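Participant: got a sequence here, can you model it:
(chains A and B)
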Number of protein chains: 2
Amino acid sequence: REDLASLHEQHPGIQPVLAIVQLVEELLRLNGDPGVHGVFLHLPPSSLSSRVLNSIQPEKDVDGCVLVSFCGPCVEWAYWWSGSTQVMQADVAVLVGDAHRGLPPISIPAFADIEISRSQTPKAIDQLAQEIGLLPEELEAYGRTKAKVRLSLLDRLKEQPDGKYVLVAGITPTPLGEGKSTVTIGLVQALSAHLKLNSVACLRQPSQGPTFGVKGTLYFNLHLTGDIHAITAANNLVAAAIDARILHESTQSDKALYNRLVPSVNGMRRFSPIQLARLHRLGISKSDPGALTPEEAKTFVRLDLDPEKVTWQRVIDTNDRFLRKITVGQANTEKGHSRQTQFDIAVASEIMAILALSDGLADMKQRLGRMVVGSSRSGQPVTADDLGVTGALAVLMKDAIKPTLMQTLEGTPVFVHAGPFANIAHGNSSVLADKLALKLVGEDGYVVTEAGFGADIGMEKFFNIKCRASGLKPNVVVLVATVRALKMHGGGPNVSAGAPLPKEYIMENLKLVADGCSNLKKQIQIAHLFGVPVVVALNVFQTDTQAEIDLVCRIAEKTGATAAVPCHHWSRGGRGSVDLAHAVKEAARQKNNFQFLYDLQMPIHEKIRTIAQKVYGAEDIDLSPEAQAKIEYYTQQGYNTLPICMAKTHLSLSHMPEKKGVPTGFVLPIRDVRASIGAGFIYPLVGSMSTMPGLPTRPCFYDIDLDPVTEEITGLF
Amino acid sequence: REDLASLHEQHPGIQPVLAIVQLVEELLRLNGDPGVHGVFLHLPPSSLSSRVLNSIQPEKDVDGCVLVSFCGPCVEWAYWWSGSTQVMQADVAVLVGDAHRGLPPISIPAFADIEISRSQTPKAIDQLAQEIGLLPEELEAYGRTKAKVRLSLLDRLKEQPDGKYVLVAGITPTPLGEGKSTVTIGLVQALSAHLKLNSVACLRQPSQGPTFGVKGTLYFNLHLTGDIHAITAANNLVAAAIDARILHESTQSDKALYNRLVPSVNGMRRFSPIQLARLHRLGISKSDPGALTPEEAKTFVRLDLDPEKVTWQRVIDTNDRFLRKITVGQANTEKGHSRQTQFDIAVASEIMAILALSDGLADMKQRLGRMVVGSSRSGQPVTADDLGVTGALAVLMKDAIKPTLMQTLEGTPVFVHAGPFANIAHGNSSVLADKLALKLVGEDGYVVTEAGFGADIGMEKFFNIKCRASGLKPNVVVLVATVRALKMHGGGPNVSAGAPLPKEYIMENLKLVADGCSNLKKQIQIAHLFGVPVVVALNVFQTDTQAEIDLVCRIAEKTGATAAVPCHHWSRGGRGSVDLAHAVKEAARQKNNFQFLYDLQMPIHEKIRTIAQKVYGAEDIDLSPEAQAKIEYYTQQGYNTLPICMAKTHLSLSHMPEKKGVPTGFVLPIRDVRASIGAGFIYPLVGSMSTMPGLPTRPCFYDIDLDPVTEEITGLF
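Facilitator: Residues are numbered from 1 along each chain as shown, chains lettered A, B, ... in the order given. Okay, the predicted model is just below:
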């Protein structure tokens, strides 16, 4: 207490609310915690009395001395000290990996004692970053509540063992909603705040178009850190380059094109590196622009893109239905080169899928270069590299590749990064966010990541595409269901927006629940195909009866789920998910035999058939002639070893949205097959997929407003 | 020195390079400086010895005690202390306005002692912010080298007198370039680093499309803080709302529209605030949705937009020439409602002009709501408010309204904010950035802001549009010229990219220079029309001879320029502009009689004629029938008191780009007249204006690259 007195004297504006005696008590507790391998004291020198220092056991004194911070952020410390009863734990950051001393990080809870907020005010993002063990130089703040995290973190923590990797998936979606995002947030809050385990949620960035960027219980802002805007810019630069190139090739001689593409600058002609790479792909091993034969020069300058075979679309992050089919190039300056094309919603861009699957800057750049934008009149694929645009795309995307750190309402960390479509793309957040998070939480921690749509789509792609790209091995699947949605799968009536909910969904109806559990059982079985244990999270509504809840849990456990747990996070926050957190912790301890569903070396149609039969329960697949021709083309181009990304409705296990429960006896029609070569998957089209939503008569913007004085936003939920 | 010793003991990792004796010396110097009204010590308690405290004179001790910081950022302090010989001055921040103590700010140099960088590495943005007197809570960092500044600063400093307001304008542009941006940066560097005067440059944000976002000597990044992306999102939300509304109105009965626009939610029907405002504009003073007559409901629900009279265009921040004229709505889902329209480059959006002219959040929101997007079949203007989208637009733009703080290569502050087109809009950076900067620099400081194109366009609009909106009064115009460009105005030959420069521009040619000075003289006279003193900045090239330089300066001074100064900032940085800085300081001391060129109450065509005759030197104007009809329409709608924003070529004082020098004897044709009601100006079209650039055969992206390991960018200049 004498330390406290002197502290008070030196800092007259500060009223310490915690005594040194409590600090000592905390250190004694840490001494007894076998999970703690070392102690790092982040306190001003004045409070490092011998009483404090001597209270640390020698075993906790790594490297022969207690790692004491002498130049910590005293201001923040003072602020915390005076403002909160939670902070002491956060301040006594338990860390062995100290970059400045070059010590190897050891597996310890780096942020089990994160400050849990009870208020609606988010804490400063640099505070959160410090709590979870990020170094200041690893953070790039964007305003006060969000920050990008630099990828150098992966290098610093490369010796750190990964935490447990948990996927949140759902039953087949219904209009009633399942609440995967809220389960994800509830689970990390329970793990962090109540089980005191490091945990991070990894979420997809929502598109601005459809949702105005609001999701679950997070603090979002419409632009976030601009990643979707960067994707839009990169995507549309490629599109502009395609049409401009077609125009320029059509109006210029080989010689004129060559002189413009390889200009003489101060009397010197030189190929740029990306042009040399194109020459190399064309089999022309010359580097002197004067040495090309006319035929070689022609091959070099003419991409000869077939306007009918351009597959690259423009994108925009607005629900603009009038851009679903358009004609471009109608001005006189485009000399009659008009063609029909379309805009997609920005998150449908292949560049979004690339962002989500990239392992780092070099990998992203290679994927961007490999993107196929169309084919030449002679049938050769034309890539972003051929257009010479790869470097510019990498520059446009260099900040977007860093995951964005945010926080839940309870102040626990969340990574928000990438949000590719779950039909024409794979519907999962980024590999890099998961990797950063797995290192940050350490061996005993948890990373909870969410897959789009139902488990048959989002989870299947998570395993077969995302885990293949990342090399990561999932430990547990949390499968989210609601009594209401199960009732609909059991034959409950349709619902429509605005109309009152039919009584089947409000009153107890065990028959509908029991019938609907067929869908839950099937999704559990799908997860088991991959050898991963399943915990069912039943997202409880007020109107659910205990008998209904018990029935679902009983069926789930009988089907082989490790556990089935009712969750009350919606009404109770993290406390409502404590049982789920315990169940997940238990399941993660189980041995798991993760395996992919198919071998990449299988022929494309066999891979498609495997998914259709084993996952969807189809009897067979039916390839259209177009699909057959595309498969042959892709095989001939050497794209046949890519994984498969099915573009199928999410509203049914089959291709028929109205078929709820577990449809059987159907043949899955494959209308067409497309490819995202840069992202690295083949996507068969089962039916037609809308890639551009529209606005209703009364869009939600009618209710959105900003108070110019308080800057408060209303109408965003 | 005993303090130093104890400091060293407490912080064993730090090697102080400045002794306390130097700190005391600095305090003694401040004692003798009549411009300094008080001292704020930003140092850790350990160095606040009695020797330090006693060295401050009682007169500098405002409010009866020396304002001593007891909880400053010790870490940064330690870093500075150890790392730089420049920092002591920055650290001894000279400030009287201390928000925490509620003292009124007094005019003093807040950041005369800014740290001047000699290296290529930018300093941390929070360091710069502290150096220029921003409070931490007024800053929102975006990464490490840029930050948004909160508008609350205006409130905190409202009693602070404004600094001097300097506009940089140019002669009529030629392909040879004049270097307005580099003069602007050179001038603030000279004022800050060499004359020790607070100064801030205010620049426009460059469009990503044409330039890949690189300009002058600033650290730019392609997305900056996302303002242009926010504008794109807001602009395109309006566009999507327009077409969706036309579609929905065409396919639904009045009753269906009414039921959807004013839905029953939990049995309650309510108008949203923006709907109540529309009712009010329609003269329907009812607030109960059940009380409207069928006729009133019809008037309320039907905007009845004429698809042929939609003036709102979509925008994109990419040079995509194929979007210059397009047909949208060709998908089946749009039921035949296709129409021809276009995309403009994002910076051509009216929302960009609004951002640049807004005085605050409330003003911006009102302007956004007033934007006219087209007219109804009965000829009534339809606004963003009518579409119900204003609140959402304000939310999308709420961060964009905060100016972005960056730094020059020498580490002096720059605001980058807004970049409206200089033809269809007014071509000046934002009112808010200028206002923030004028408060920050204080009475003796300088804000240097830049206008697009030649003085006849950018400067005229700066005075008549921007200064009218802001209420600010400019002190000095810096008019930039080069010997080369003047030679072209004097009849020098055309130049073309790639070809060697004709000898006229490399060898001395006094005749061409003398003839070309006609343009310089005319632009000086235009500035004098507004009663503002002019300093000519001659941006010197290696090939200019002393006789040529002297000739230009002599003619300029004879025409009435306060001074004419050769500048060497390109080769020598801030040092090369010291003479210019002195001349500007001298000119700012002169009495000036700033006045607008025309009275807003004049009829529209009279305002146009005034600009054409007095500024461009035209004999008269010639209004097309379309222009005449539009003027009548705007007058009838009550838009006739808005200022005029001429959309004229920047390559000549006339409407004929090839006419260099000072064309005479021409009549200015007004092809059409348009209006940006939200931004608040009428823009007559003189000839056709391209609002969408294209990509050349070899776009600069061929040379742009990113090293994935070092993250270094190449190819951006």
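Participant: what number of residues lie near A:Ala193?
Facilitator: 25 (other C-beta atoms under 10 Å in any protein chain shown). Yep, even glycine has a C-beta here, placed from its N, CA and C like the rest.
Participant: phi, psi of A:Gly411?
Facilitator: phi 80, psi 20 (degrees, to the nearest 10).
Participant: separation between it and chain B?
Facilitator: 20 Å (C-beta to the nearest C-beta, to the nearest Å).
Participant: where's the helix or strand encompassing A:Ala234 relative to the chain centroid, distance-wise?
Facilitator: Here A:Ala234, judged by DSSP states H and E, is contained in helix A:227-251. Distance of helix A:227-251 from the chain centroid (C-alpha atoms, centre = their mean, to the nearest Å) equals 26 Å.
Participant: other SSEs contacting it?
Facilitator: For helix A:227-251, the elements it packs on are helix A:254-261, strand A:305-310, strand A:314-316, helix A:350-357, strand A:372-376, helix A:384-387, helix A:390-397, helix B:227-251, judged by 3 or more C-beta pairs under 8 Å, 6 or more residues apart in numbering or on different chains; DSSP states H and E.
Participant: list the residues that contact the residue positioned nearest the centre of chain A.
Facilitator: Nearest to the mean C-alpha position of chain A, counting by C-alpha atoms, centre = their mean, stands A:Ser429 at 1.2 Å. By C-beta atoms under 8 Å, 6 or more residues apart in numbering or on different chains, A:Ser429 lies in contact with A:Cys202, A:Leu203, A:Arg204, A:Gln205, A:Ala356, A:Phe415, A:Val416, A:His417, A:Ala418, A:Gly419, A:Thr449, A:Glu450.
Participant: so which of the helices and strands packed on helix A:227-251 gets nearest A:Ala561?
Facilitator: helix A:350-357 (28.2 Å; C-beta to C-beta).
Participant: sorry, back to before: Throw the contacts of A:Ser429 into a markdown table and include pLDDT and distance to chain B, thanks.
Facilitator: Below are the contacts of A:Ser429 laid out as a markdown table (pLDDT from 0 to 100; distance: C-beta to the nearest C-beta, whole Å):
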| residue | pLDDT | distance to chain B |
| --- | --- | --- |
| A:Cys202 | 94 | 22 |
| A:Leu203 | 89 | 20 |
| A:Arg204 | 87 | 19 |
| A:Gln205 | 82 | 14 |
| A:Ala356 | 98 | 18 |
| A:Phe415 | 94 | 17 |
| A:Val416 | 91 | 16 |
| A:His417 | 94 | 16 |
| A:Ala418 | 93 | 17 |
| A:Gly419 | 89 | 16 |
| A:Thr449 | 96 | 25 |
| A:Glu450 | 91 | 25 |
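Participant: so which of those are in helices?
Facilitator: A:Ala356 (DSSP state H).
Participant: interface residues of the stretch 101-250 of chain A facing chain B?
Facilitator: A:140-144, A:148, A:208, A:212, A:221-223, A:226, A:229-230, A:232-233, A:236-237, A:239-241, A:243-244, A:247-248 (C-beta under 8 Å from any C-beta of the partner chain).
Participant: recalculate using a threshold of 6 Å.
Facilitator: A:140-143, A:222-223, A:226, A:229-230, A:236-237, A:240, A:243-244, A:248 (C-beta under 6 Å from any C-beta of the partner chain).
Participant: what does the stretch 551-700 of chain A put close to chain B?
Facilitator: Going by C-beta under 6 Å from any C-beta, the residues of the stretch 551-700 of chain A near chain B are A:Leu695, A:Thr697, A:Arg698.
Participant: OK, contacts around A:Asn640?
Facilitator: The contact partners of A:Asn640, by C-beta atoms under 6 Å, 6 or more residues apart in numbering or on different chains, come to A:Ile604.
Participant: now do A:Thr174
Facilitator: Here A:Thr174 is in contact with A:Ala485, A:Met488 (criterion: C-beta under 6 Å, 6+ apart).
Participant: so it sits in a strand?
Facilitator: No - going by DSSP: H, G, I helix; E, B strand; the rest coil, the assignment for A:Thr174 is coil, not a strand.
Participant: roughly how far apart are it and A:Met488?
Facilitator: Counting by C-beta to C-beta, to the nearest Å, the separation of A:Thr174 from A:Met488 is 5 Å.
Participant: and if you look at A:Ser358?
Facilitator: For A:Ser358 relative to A:Met488 (C-beta to C-beta), the value is 38 Å.
Participant: quick one on the thing from earlier: out of the residues of the stretch 551-700 of chain A next to chain B, who's nearest A:Arg671?
Facilitator: Distances from A:Arg671 to these, taken by C-beta to C-beta, are shortest for A:Leu695, at 27.4 Å.
Participant: now that closest one: which helix or strand?
Facilitator: Short version: A:Leu695 belongs to no helix or strand, going by DSSP H and E.
Participant: phi and psi next, for it.
Facilitator: According to degrees, to the nearest 10, A:Leu695 has phi -100, psi 140.
Participant: same question for the one 5 residues further on.
Facilitator: Dihedral angles phi and psi of A:Cys700 (degrees, to the nearest 10) take the values phi -60, psi -10.
Participant: next one: the one 4 residues further on
Facilitator: Backbone geometry at A:Ile704, expressed as degrees, to the nearest 10, gives phi -90, psi 130.
Participant: pretty sure it sits against A:Thr714.
Facilitator: No - in this structure A:Ile704 lies outside contact range of A:Thr714 using C-beta atoms under 6 Å: 7.1 Å.
Participant: settle it for me: which of those two has more neighbours?
Facilitator: Neighbour totals were compared for A:Ile704 and A:Thr714, and A:Ile704 leads with 25 against 13 (other C-beta under 10 Å).
Participant: and the closest residue to the more buried one other than its chain neighbours, what does it touch?
Facilitator: With C-beta to C-beta, 6 or more residues apart in numbering or on different chains as the criterion, A:Ile704 has its nearest non-adjacent residue at 3.9 Å, and that residue is A:Gly715. Going by C-beta under 6 Å, 6+ apart, A:Gly715 touches A:Asp703, A:Ile704, A:Asp705.
Participant: low-confidence regions, chain A specifically.
Facilitator: Low-confidence segments of chain A (pLDDT under 70): A:1-121, A:207-222, A:497-499, A:569-573, A:716-717.
Participant: what's the domain layout of it?
Facilitator: A:2-108, A:164-225+A:399-589, A:228-397, A:604-685 (automatic domain parsing).
Participant: still on that earlier bit, how about the residues of the stretch 551-700 of chain A next to chain B in TSV, adding distance to A:Leu651 and neighbour count?
Facilitator: Formatted as TSV, those follow (distance: C-beta to C-beta, whole Å; neighbours: other C-beta atoms under 10 Å in any protein chain shown):
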residue	distance to A:Leu651	neighbour count
A:Leu695	22	23
A:Thr697	23	19
A:Arg698	24	18
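Participant: out of those, which is nearest to A:Ile670?
Facilitator: Among these, and counting by C-beta to C-beta, the member closest to A:Ile670 is A:Leu695, at 31.8 Å.
Participant: neighbours of the closest residue to the closest one other than its chain neighbours, how many?
Facilitator: Residue nearest to A:Leu695 in three dimensions, not counting chain neighbours: B:Ala244, with 4.0 Å by C-beta to C-beta, 6+ apart. Counted with other C-beta under 10 Å, residues neighbouring B:Ala244 total 21.
Participant: please consider this matter closed, and thank you.
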